[in-house]
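Visitor: pasting the sequence and the predicted coordinates here, then a few questions.
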There are 2 protein chains.
Amino acid sequence: MIALNQTSRTPIYQQIREQVLAQIACGLLSPHQQLPGVRSMAIDLGINPNTVMKAYVELEREGFIYSVAGKGSYVSEPNGDVSVIRQEKLAEVREVLSKLRPYGITKEEIMKLVELMYREEETR
Amino acid sequence: MIALNQTSRTPIYQQIREQVLAQIACGLLSPHQQLPGVRSMAIDLGINPNTVMKAYVELEREGFIYSVAGKGSYVSEPNGDVSVIRQEKLAEVREVLSKLRPYGITKEEIMKLVELMYREEETR
DNA sequence: ACTACTGTATTAGTGTAGATAGTACAGTTG
DNA sequence: CAACTGTACTATCTACACTAATACAGTAGT
């Protein structure tokens, strides 16, 4: 279900997070469907349960899944609360934008870039 | 000339970089004016010359100053070459923008944000 | 209540990258 | 050659990220 690349420099927990996210996005995992337990997935992948846990905690913080102690972890409703992570992401954008001043990067350039990036999105 | 905050979490070399940059921006340092030597500034601040060096190397990479071995470091022409760092900064923007998709952040939101940030700039 | 599952917390080991410093090298100028 | 300049190499210290080991705690079926 999850394929790890042990040699990759991207952390294991990130790989798990991304692949679970992808499976939710493509509908392979449905809302309220139970995810593999941290232990079983850990054994499957030959890693420590805590590493899976870290991926799940991150996904929960982002609002994509929810966990219940003793029961399991489940996929959230598609319109689940992603406001927390949204604010964080917007703050990141603000941060990087605020440091462009000394380099003569104009508003128009940024606008153009944004336009371009969202145009690429549509074609997917 | 430079005031360090030793307790701050921002690295010393960054503090130096920022303050030199500010002094160039406000005209306190003029084009082709010689900067303090890495040693003298290091002694002034009670730090290692290499730390000052790191700030100078960064500023040079960004095109704000230039250094000549044996002579010294000097402020660049105001329209000095900042194209390298420009590209890097734009890449950063691209990077952070590319990760906004899953969180339902719209193009309009970003546009609004950019607009807002550049509006604040004008008032300075 | 016991058992077997689930998630959670605490702590520790490991690796790696960043920041700073010590020291030696090299160019410029008088 | 002396006294200044920047530069390069290396070591160390530290902080943090990643992962793991292990113990704790909740849920459900028997």
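Guide: Looks like it arrived, so ask away. Residues are numbered from 1 along each chain as shown, chains lettered A, B, ... in the order given.

Visitor: quick one: residues contacting A:Leu113.
Guide: B:90, B:93-94, B:97 (Cβ atoms under 8 Å, 6 or more residues apart in numbering or on different chains). Where C-beta positions appear, they are placed from N, C-alpha and C, glycine not excepted.

Visitor: out of these, which are buried?
Guide: When the contacts of A:Leu113 are checked for burial by 16 or more other Cβ atoms under 10 Å in any protein chain shown, the buried set is B:90, B:93, B:97.

Visitor: can you give me the mean pLDDT across the helix or strand encompassing the first one?
Guide: The secondary structure element spanning B:Leu90 is helix B:83-97 (assigned by DSSP states H and E). Helix B:83-97 shows a mean pLDDT of 89 in the predicted model.

Visitor: what packs against that helix?
Guide: helix A:83-97, helix A:107-122 (3 or more Cβ pairs under 8 Å, 6 or more residues apart in numbering or on different chains; DSSP states H and E).

Visitor: what about the residue of chain A found nearest DNA strand D, neighbour count?
Guide: Nearest residue of chain A to DNA strand D (Cβ to the nearest atom of the strand) works out as A:Gly70 at 2.3 Å. The number of residues packed near A:Gly70 is 5, by other Cβ atoms under 10 Å in any protein chain shown.

Visitor: so it: helix, strand or coil?
Guide: coil (DSSP: H, G, I helix; E, B strand; the rest coil).

Visitor: separation between it and A:Gly27?
Guide: From A:Gly70 across to A:Gly27, the span is 28 Å (Cβ to Cβ, to the nearest Å).

Visitor: go on, A:Leu100?
Guide: 38 Å.

Visitor: before we move on, what about A:Ile43?
Guide: A:Ile43 is 27 Å from A:Gly27, by Cβ to Cβ.

Visitor: higher neighbour count, these two?
Guide: A:Ile43 (13 against 9).

Visitor: quick one, what contacts that one?
Guide: No contacts exist for A:Ile43 under Cβ under 8 Å, 6+ apart.

Visitor: pLDDT score for it?
Guide: Reported pLDDT for A:Ile43: 97.

Visitor: with A:Thr10 instead?
Guide: Confidence for A:Thr10, expressed as pLDDT, is 95.

Visitor: how's chain A carved up into domains?
Guide: A:12-75, A:83-122 (automatic domain parsing).

Visitor: rank the ones you listed by pLDDT, which is bottom?
Guide: When I compare the domains of chain A, domain A:83-122 is least confident, with a mean of 88.

Visitor: what comes up buried for that domain?
Guide: For domain A:83-122, by 16+ other Cβ under 10 Å, it's A:85-86, A:89-90, A:93, A:96-97, A:100, A:102-103, A:105, A:107, A:110-111, A:113-114, A:117-118.

Visitor: what of stretch A:53-69?
Guide: Neighbour counts over stretch A:53-69 (16+ other Cβ under 10 Å) mark A:53-59, A:62-67 as buried.

Visitor: return the subset of those lying in strands.
Guide: Using DSSP state E, the subset of the buried residues of stretch A:53-69 located in strands is A:65-67.

Visitor: now, which of those lie close to DNA strand D?
Guide: The subset of those within reach of DNA strand D, by Cβ under 7 Å from any atom of the strand, is empty.

Visitor: dump the residue contacts of the closest residue to DNA strand C within chain A.
Guide: Closest contact between chain A and DNA strand C, by Cβ to the nearest atom of the strand, is at A:Gly37 (3.2 Å). Contact analysis of A:Gly37 by Cβ under 8 Å, 6+ apart lists A:72-73.
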